[in-house]
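Colleague: The sequence isn't on hand, but the structure is:
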């Protein structure tokens, strides 16, 4: 099986930020993150699987997926980080957390 990218390599992607989505089919909450706080917690060399496996959504589900933002075209580039000027709305941005005591 192919090894997952490190947190640090994801932080250095072209977009510079990632969408973290709860994988509970009845939820789908999403947050935007530059992944910096996760690199501080687990280290930039840690597998990005620690994020996928350890974040807990406010719905109680404990598994997320990471996706990069949309590329909006050569005239625009990557979608801006939510909160910055954006032409597209971002519904369901919400809070996901890592439970206290979770360590990897």
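Modeller: Perfect, thanks for sending it. Since the structure is predicted, the reported quantities are computational estimates derived from the model, not experimental observations.
Colleague: got a list of what residue 66 touches?
Modeller: For residue 66, the contact set (Cβ atoms under 8 Å, 6 or more residues apart in numbering) comprises 10, 18, 19, 20, 21, 48, 51, 52. Using the backbone N, CA and C atoms, a C-beta is placed for each residue, glycine as well.
Colleague: That one looks like it's in a helix, true?
Modeller: No: read with DSSP: H, G, I helix; E, B strand; the rest coil, residue 66 is strand and lies in no helix.
Colleague: neighbour-wise, which of the contacts of residue 66 leads?
Modeller: Counting neighbours by other Cβ atoms under 10 Å, the top entry in the contacts of residue 66 is residue 51, with 26 neighbours.
Colleague: quick one: that one and residue 65 touch, right?
Modeller: No: with contact defined as Cβ atoms under 8 Å, residue 51 does not reach residue 65; the gap is 9.6 Å.
Colleague: one step back: in helices only, show me the contacts of residue 66.
Modeller: Taking DSSP state H as the definition of helices, the contacts of residue 66 contribute 10, 51, 52.
Colleague: now, among those residues, which is nearest to residue 69?
Modeller: For those, the residue nearest residue 69 by Cβ to Cβ is residue 10; the value is 12.2 Å.
Colleague: How many neighbouring residues does residue 77 have?
Modeller: Residues near residue 77, counting by other Cβ under 10 Å, number 11.
Colleague: For residue 30, which residues count as its bridge partners?
Modeller: Judged by DSSP bridges, the bridge partners of residue 30 are residue 21, residue 93.
Colleague: didn't it look like it was pressed against residue 23?
Modeller: No: here residue 30 does not reach residue 23: they are 11.1 Å apart, not a contact under Cβ under 8 Å.
Colleague: higher neighbour count, those two?
Modeller: Of the pair residue 30 and residue 23, residue 30 is the one with more neighbours under other Cβ under 10 Å, namely 21 against 13.
Colleague: From residue 65, how far off is the more buried one?
Modeller: Going from residue 30 to residue 65 by Cβ to Cβ, to the nearest Å gives 10 Å.
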